[in-house]
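> What follows is a predicted structure for the sequence shown.
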Amino acid sequence: MPKAYWIAHVTVSDDAAYGRYAALASKAIAEHGGEFLARGGRAIQKEGRAHPRNVVALFPSLDAANACYDSATYQEALRHAEGAAERDLVLVEALD
């Protein structure tokens, strides 16, 4: 079964609320076998709309990444992100 990537592009407007989101989201990601590959480091935007924060996590499968998103822990995290950030998120199956 192919692994999967969780790719988020984020512009934070409320650091405190987004910090609460990040703590819970990190817990949910770990609980579903995810590991961070990139988390807010330097980036060079070549095309499209830039966000100052970019996050990439690797999951054992697309199903695991999706289950993480749908989990109670992650849904609780999302409540803290609402109004605290503009986000784009995609779950992408990796090549075998």
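Yep, it's here. Numbering: from 1, shown residues only.
> could you say which helix or strand contains W6?
Assigning secondary structure by DSSP states H and E places W6 in strand 4-12.
> for that strand, packing partners?
Contacts defined by 3 or more Cβ pairs under 8 Å, 6 or more residues apart in numbering; DSSP states H and E place strand 4-12 against helix 15-31, strand 53-59, helix 62-70, strand 85-93. Glycine gets a C-beta too; all of them are placed from N, C-alpha and C.
> What is the neighbour count of the closest residue to A23 other than its chain neighbours?
Using Cβ to Cβ, 6 or more residues apart in numbering and skipping the chain neighbours, the partner closest in space to A23 is A77 (7.8 Å). A77 has 20 neighbours, counted by other Cβ atoms under 10 Å.
> Just confirm A77 contacts I29, I think it does.
No - under the criterion of Cβ atoms under 8 Å, A77 makes no contact with I29, lying 9.5 Å away.
> what do the two both touch?
Common contact partners of A77 and I29 (Cβ atoms under 8 Å, 6 or more residues apart in numbering): none.
> hmm, back to that, which one of the helices and strands packed on strand 4-12 lies nearest to R42?
strand 53-59 (9.5 Å; Cβ to Cβ).
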